[in-house]
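**Student:** Predicted structure and sequence below. I'll ask about it afterward.
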Amino acid sequence: MSTERFRIGFLPLVDAALPILAQELGFAEAEGLALDLVRDVTWATVRDRLLYGHTDAAHMVAPLAIASALGRDRPPTAMAVPFVLGLNGNAITFSTALGEACGLGDTLGDPHTVGAALRSVAGTRRLRFGVVHRYSSHNYMLRYWLAGVGIRPDADVEIVVTSPPFAADALASGEVDGICVGEPWNSIAVDRGVGRIALATAQIWRRGVEKVLAMRADVAAERADATQRLIRALHAAAAHFVRPETAETNAAILARPAYLDAPADAILRAITDRIRLVQGGEPVHYPDFMFQHREAANFPWRSQAAWLYAQMTRWDGRGYDAGDAAIAAATFRPDLYRAALAGSGAVLPGASSKLEGALGEPIGAGSTQGRLMLGNDRFFDGRAFDPDDIPGYLAALP
Amino acid sequence: MRIAIIDTSETRAAIIADGLRDAGLDDQVVIDPAGPLARQIEACAPEVVLINLENPSRDLLEDFFAMSRVLGRPIAMFVDQSDAESALAAVDAGVSAYVVDGLARQRIKPVLDVAIRRFQAFSRLQAELAEAKTALADRQTIDRAKAILMRRRGIDEPAAYALLRGHAMQSNRRIAEVAEAIVTSEALMGDLP
């Protein structure tokens, strides 16, 4: 097997771990691949390099892959998401002043309680929150929570965009009162003493889809064999990544200047689900803070893409469109995932879509290979999302 | 046609502005990247925005354009989909262009062409500068290695240089590399008998 090169764009975030580890620990090499990792500082640049062929694949916020397929802000380009790089892993961090005003303690609060406190502060002054991109899960997760606790995004609070590496600076300078960003940037804000972590986004949606491996659909088709090998390499890296005894080595690799260029201890906290909420405080253990690999977490469920599309249409004012909904769902490619991992022993779900947010208890689910267990995937408000009835779901939301 | 230029490097912004002026595109505004981006763009109402790909404000800028507060019209990147070739050339050079939807391709093409050429000229300049810096550092290392050899072996400068060069040729390495090794080992073991 000859070595084939694959260029992969990424942003310095903990959930860029799988492509980085696949390259560093030889999982790519085992599949006859060499990965060239291309670092950027904005999602716009990661997307442009991918769309114009500078990279073959990218670590990307899931909604941006869907927005690119739908032609939001750009001419539409058919996209393929054959692999989910991780679930959750983000947090909402308040400025120190806002944290005090909301009475945040040194444990993770309940989303309803924190929300009620925030609502009373938002009634006295205009608050501003930063998210990492217009088309990011951070934007949708923050908005879902705010709306759910009776704070109208855009009307009662302002939501602006700030790049992850500058989120802590924006808090420090008072430019924003809160940020919703991935790790290690919340922890860096905490360690600098400019913010307090209010909630983990996993508290808003226990199994929220986060970063994905995004490709142009034509590249995925032309390089079908290499794409399959890449999926297998990432799957192997994911299995390694969730083994607790590998955490320290993984954190040290991610911390390198070429990758995250950030303190290894902040990264280690994120990947071991132990989050320091306030400067100098003891890390708090939240089991599902970052969720990788188990429960077939890397499987691209079409229903997750549908949920993101539902949020997109909820907030961008364009209204629901059945054609767009179909394009969004078809961007996620369970077929490519199954084809790559058939016969490998990996767990392969039988369905490609499911009811999201309906499980309170772990339950066995249908699979064509391996044994699939699905855990608690609830939204904080207890609503479930049926991908076959997006208009009905949207009508019932506040 | 008004063009706004946003660049983290003042030198590069000036180089691009010059190039556009040479091409007869005089209506330009150079945006201060440290200032409030949205307000500056709003104030100058450009038809084309040129920004470097590495600029950390790109996500912010897109959000701002998406809300169409500036021009009340949608914004598209580059010219349109059919011109993927010039889009790729621009990404290659490290430039990104935001163009008001509806602006004819033949009008934006010369702007993009100038920007691409200027970006490439700038990166050549940077590469040459880096090379010059390396050359200077190399010379300093070689001088230090010569001084060490002269002192430890009691030889003169030409002899020290000949020794360095001879060893480099024998071991198929650059003189600067051999010099570097001598300086390092002197730092570590210079006080040993």
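**Tutor:** The structure has been received and is ready for your questions.
**Student:** need the residues of the stretch 1-150 of chain A near chain B, please.
**Tutor:** Residues of the stretch 1-150 of chain A found near chain B (C-beta under 8 Å from any C-beta of the partner chain) are A:40-45, A:48-49, A:52-54, A:72-75, A:132-134. (Glycine included, C-beta is placed from N, CA and C.)
**Student:** Cross those against helices and list the overlap.
**Tutor:** Within the residues of the stretch 1-150 of chain A next to chain B, residues falling in helices by DSSP state H are A:Trp43, A:Ala44, A:Thr45, A:Asp48, A:Arg49.
**Student:** surely the first one meets A:Val61?
**Tutor:** Yes. Contact criterion C-beta atoms under 8 Å: A:Trp43 and A:Val61 qualify, at 6.0 Å.
**Student:** if I pick whatever residue of the stretch 251-398 of chain A ends up closest to chain B, what's in contact with it?
**Tutor:** In the stretch 251-398 of chain A, no residue comes nearer to chain B than A:Asp316, which is 8.2 Å away by C-beta to the nearest C-beta. Applying C-beta atoms under 8 Å, 6 or more residues apart in numbering or on different chains, we find A:Asp316 in contact with A:Arg72.
**Student:** how far away is it from A:Arg143?
**Tutor:** Noted for A:Asp316: a distance of 11 Å to A:Arg143, by C-beta to C-beta, to the nearest Å.
**Student:** which of A:Trp43 and A:Val61 has more neighbours?
**Tutor:** Between A:Trp43 and A:Val61, counting by other C-beta atoms under 10 Å in any protein chain shown, A:Val61 is the more crowded of the two (30 against 27).
**Student:** and that one, what are its bridge partners?
**Tutor:** Following DSSP bridges, A:Val61 is listed with bridge partners A:Lys211.
**Student:** what about whichever residue of the stretch 1-150 of chain A sits closest to chain B, neighbour count?
**Tutor:** Chain B sits closest to A:Pro75 of the stretch 1-150 of chain A, with a gap of 3.6 Å, by C-beta to the nearest C-beta. A:Pro75: 16 surrounding residues under other C-beta under 10 Å.
**Student:** And for A:Asp225?
**Tutor:** Neighbours of A:Asp225 (other C-beta under 10 Å): 11.
**Student:** wait, doesn't A:Glu183 sit right on A:Met290?
**Tutor:** Yes. A:Glu183 is in contact with A:Met290 according to C-beta under 8 Å; the separation is 7.3 Å.
**Student:** Identify the contacts common to the two.
**Tutor:** Listed as contacting both A:Glu183 and A:Met290 by C-beta under 8 Å, 6+ apart are A:Val14, A:Asp15, A:Gly89, A:Ala270.
**Student:** Leaving aside the residues adjacent along the chain, what's closest to the third one?
**Tutor:** Nearest residue to A:Gly89 in three dimensions, chain neighbours excluded: A:Met290, at 3.9 Å (C-beta to C-beta, 6 or more residues apart in numbering or on different chains).
**Student:** per-residue confidence at the one you found?
**Tutor:** A:Met290 carries a pLDDT score of 92 in this model.
**Student:** Low-confidence stretches in chain B?
**Tutor:** When residues are selected by pLDDT under 70, those of chain B lie in B:68-83, B:100-106, B:193.
**Student:** Mind jotting down where the helices sit in it?
**Tutor:** Secondary structure of chain B, counting by DSSP H: helices at B:10-22, B:37-44, B:58-66, B:84-93, B:105-153, B:157-170, B:175-189.
**Student:** what angle separates the fifth one from helix B:84-93?
**Tutor:** Note on geometry: by axes from the mean of the first three to the mean of the last three C-alpha atoms, to 10 degrees, helix B:105-153 and helix B:84-93 are set 30 degrees apart in direction.
**Student:** wait, does helix B:105-153 contact chain A?
**Tutor:** No. Helix B:105-153 does not reach chain A (C-beta under 8 Å from any C-beta); its nearest approach is 12.8 Å.
**Student:** Can you get me a residue count around B:Pro36?
**Tutor:** B:Pro36 is flanked by 11 other residues according to other C-beta under 10 Å.
**Student:** what's the most buried one of the helices of chain B?
**Tutor:** Neighbour counts (mean count of other C-beta atoms under 10 Å in any protein chain shown) averaged over each of the helices of chain B peak at helix B:58-66, with a mean of 23.
**Student:** counting contacts, what elements does it pack onto?
**Tutor:** The contact analysis (3 or more C-beta pairs under 8 Å, 6 or more residues apart in numbering or on different chains; DSSP states H and E) places helix B:58-66 against helix A:43-51, strand A:157-161, helix B:37-44, strand B:48-52, strand B:95-100.
**Student:** Make sure B:Ile41 is actually in contact with B:Val30.
**Tutor:** No. B:Ile41 is beyond contact range of B:Val30, at 11.9 Å (criterion: C-beta under 8 Å).
**Student:** hey, what's in contact with both of those two?
**Tutor:** What both B:Ile41 and B:Val30 touch, as defined by C-beta under 8 Å, 6+ apart, is the set B:Ala4.
**Student:** what sits against B:Asp138?
**Tutor:** With C-beta under 8 Å, 6+ apart, B:Asp138 has these contacts: B:Arg174, B:Ile175, B:Ala176, B:Ala179.
**Student:** Please repeat the previous calculation with a cut-off of 7 Å.
**Tutor:** Contact analysis of B:Asp138 by C-beta atoms under 7 Å, 6 or more residues apart in numbering or on different chains lists B:Ala176.
**Student:** per-residue confidence at the residue nearest to A:Met141 when sequence neighbours are not counted?
**Tutor:** Nearest residue to A:Met141, sequence neighbours excluded (C-beta to C-beta, 6+ apart): A:Thr201, at 4.6 Å. Residue-level confidence at A:Thr201 comes out at 96, pLDDT.
**Student:** which among the ones in helices among the residues of the stretch 1-150 of chain A next to chain B gets closest to A:Gly115?
**Tutor:** A:Trp43 (27.2 Å; C-beta to C-beta).
**Student:** so who does that closest one touch?
**Tutor:** The contact partners of A:Trp43, by C-beta under 7 Å, 6+ apart, come to A:Leu11, A:Val61, A:Leu64, A:Val132, A:His133, B:Asp59.
**Student:** Which one among the residues you listed sits at the bottom for pLDDT?
**Tutor:** B:Asp59 (89).
**Student:** That one touches A:Val161, doesn't it?
**Tutor:** Yes. Contact criterion C-beta atoms under 7 Å: B:Asp59 and A:Val161 qualify, at 5.0 Å.
**Student:** Show me whatever sits in contact with both of these two.
**Tutor:** Contacts common to B:Asp59 and A:Val161, judged by C-beta under 7 Å, 6+ apart, are A:His133.
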